[in-house]
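Peer 1: Whatever this is, show me its structure:
(chains A and B)
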Amino acid sequence: MFKQNPDELANLSQETNRSHSNAHQHEDDQVETVVGPSVVVEGDFVSEGNILIKGTVSGNVKTGRLLTVEEGAKILANVKAGEAVVSGEVQGNVKIDGKLELTASARLMGDITCDVLVIEAGALLQGKVFMNGLEEMSKNEKKVVRRTKKTMEEDIDSSLDE
Amino acid sequence: MYVYLYDNFLKSKRYDSLIKAMETRLTDYGVAGKIIRLQRYTNCEMLIEDEIRKGAKNIVIVGNDITFGHVLSRAASCRVTYGFLPVGTENSIADVLGIPVGINACDVLAKRRKLFLDVGWLNNRYFISQLHIPPSDIEIEYDESFKVASKGRKMELVVCNLKPFVWSKGGKKYVVHPQDGKLEAFLRPIVKKGVFQKEQFEEPSIFPFEEIVVFSKKPFIVETDGNVSKEIKVKIKLAKSRIEMVVGKERKF
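Peer 2: Just a heads-up that it's a prediction; the model follows:
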C-alpha cells in the first residue's frame, strides 16, 4: 500500500500545480466542513461555516450556517444550525434558526424547532414541531389582550370620573 | 540591509543569465545585499539569527517551494521581514503569495507590501507548505472536542498551509487559501472498488481547525517541507501571524 503513496502524492502535487495555474476559472473559495461517507465523528462537532455530512456523527452538531445531511448520513444527537437540509437520518432534537427542509429520504426522530419548515412527500418524522412564528403570534395576542383590557379599564375609570 | 539566501540548485548554468539579470534589477532598486548559498545541511535558523545580529533587516529566499519550506520551517521564529524570489519550476507557493516567477519578482520585493502570515506548528517545528501523512491507521482529535476515524480503513491526511490543496468535484474546485485564521485538514480514507478490489481514495473530508492531535497504535510517516519522520502522536497547531512577508498585489488571500 505504501508503494502507491509517492505516485499518489506526485499525482496530487501535479494536479495541484496544474489546476492552481487555472484556478481562477472555476474556483470556489468557500471551504466548508465535510464529513465523508466512511468517516465517523465522535463528540461535539462545532463549526463556524457550512457543514456537509455524508458519514456518521455521534454527538451534538452546532453551526451558525447551513447544515446539509446527505442521504445515507446519520446524526445520533441534537442538532443546532442556522439553516438545514436533511436527506439522511437524525436521531435527536433539531433546533434551526431559519429554514429546515426535509427531503423525501429524510428520517427524523426528535423534536423540531424552526422558523420555516418544508417537508417533502416521503419524509419520515416522529416528534413535536415548534415554530417560532407561532410563539411570537401567541405572545403578540397576549399583548393585544392585555392592552385592550388596560384601555377598557381606563375608559371605565374615565367615564366614572365624569 | 538585505541578505539573499540562494538555493544550491541555482549554481546550474541555465540559471546564470536570470540570476545576473535579477541582481542587476535589485541593484537598480537599491535593495541589493549579501548573498549566501545554502547547502544541504545548512542550519537556517542559526544562519539567519547570526545575520540579524550583524544588522540584517530583510531575508530574501531565492529558489523554489522546497527552498522556501526548507528555510522557513526552521527560521519562522526569527523576527525579520522575509522576501521570496521564485526561480525555476515547482513554484506554487509564489502564485499564492502573488509573486511572479523570474525577474519580475524583484519589482514585488522593491514595493515592500508586507503582511503577517499564519504557519503550521508540528511537535517542535514549523511547516510552511503542506503536511502529509500517507494512508495509515490514524485517529484524529480536533480542538479537544471531537474525534474523527475511518470505518476500519486507512486514511491519508493532508494539512494545508501555504501550498493549496485543490480538489474538484462536478466541475467545482475548492482552493484553500492561507490567511483565513485556520488550517484545513483533508482526510481521504482508502476504499476498495471494482472487480479487482483496487484501492482508491475516497472524496476528502474537510475539517478547518486550530489544533489537532493525530495518533495511532503503529508508527506513521509524517512529511513536511521535505522532512520525513515517523511518529506515534503528533500535535498540529496554527501559529497565527508568525511570519512577516513581502507579498504581491495578485496574492490569493
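Peer 1: per the record, what domains does the chain have?
Peer 2: No chain was given, so I picked chain A. Listed domain ranges for chain A are A:28-127, A:132-162 (source: automatic domain parsing).
Peer 1: Please refer instead to chain B.
Peer 2: B:2-112, B:125-239.
Peer 1: Which residue is it, in the stretch 51-200 of chain B, that comes closest to chain A?
Peer 2: Per Cβ to the nearest Cβ, residue B:146 is where the stretch 51-200 of chain B lies closest to chain A, at 3.2 Å. The C-beta positions use only the backbone N, C-alpha and C, and glycine is treated the same way.
Peer 1: give me the beta-bridge partners of that residue?
Peer 2: Beta-bridge pairing for residue B:146 (DSSP bridges): residue A:43, residue B:142.
Peer 1: try the one 10 residues further on
Peer 2: The bridge-partner assignment for residue B:156, based on DSSP bridges, gives residue B:188.
Peer 1: tally of neighbours for it?
Peer 2: 22 (other Cβ atoms under 10 Å in any protein chain shown).
Peer 1: do the same with residue A:72
Peer 2: Around residue A:72 there are 14 other residues, counting by other Cβ under 10 Å.
Peer 1: and what of residue A:159?
Peer 2: For residue A:159, the neighbour count with other Cβ under 10 Å is 8.
Peer 1: Residue A:150 versus that one, what's the distance?
Peer 2: 15 Å (Cβ to Cβ, to the nearest Å).
Peer 1: now swap in residue B:27 and tell me
Peer 2: 86 Å.
Peer 1: next one: residue A:75
Peer 2: Counting by Cβ to Cβ - residue A:75 and residue A:150 are separated by 48 Å.
Peer 1: Compare these two and say which is more crowded by neighbours.
Peer 2: When residue A:75 is set against residue A:150 and neighbours are counted by other Cβ under 10 Å, the residue ahead is residue A:75, at 28 against 10.
Peer 1: ok, now which ones touch that one?
Peer 2: A:53, A:56-57, A:61, A:69, A:88-92 (Cβ atoms under 8 Å, 6 or more residues apart in numbering or on different chains).
Peer 1: Return a ChimeraX selection command for the buried portion of the residues you listed.
Peer 2: The command below creates a ChimeraX selection of those among the contacts of residue A:75 that count as buried (16 or more other Cβ atoms under 10 Å in any protein chain shown):
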select /A:53,56,57,61,69,88,89,90,92
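Peer 1: For chain B, what's the nearest residue on chain A?
Peer 2: For chain A, Cβ to the nearest Cβ, closest residue to chain B: residue A:43, 3.2 Å.
Peer 1: Give me the pLDDT value at that residue.
Peer 2: pLDDT for residue A:43: 91.
Peer 1: What of residue B:199?
Peer 2: At residue B:199, pLDDT is 73.
Peer 1: Report the secondary structure element holding the closest residue in space to it that isn't next to it in sequence.
Peer 2: Leaving aside its sequence neighbours, residue B:199 sits nearest to residue B:190 (Cβ to Cβ, 6 or more residues apart in numbering or on different chains; 5.1 Å). In this assignment (DSSP states H and E), residue B:190 forms part of strand B:183-193.
Peer 1: now residue B:85
Peer 2: Residue B:85 belongs to strand B:81-86, assigned by DSSP H and E.
Peer 1: Strand partners (parallel or antiparallel) of that strand?
Peer 2: With DSSP bridges as the test, strand B:81-86 pairs up with strand B:58-63 (parallel), strand B:227-246 (parallel).
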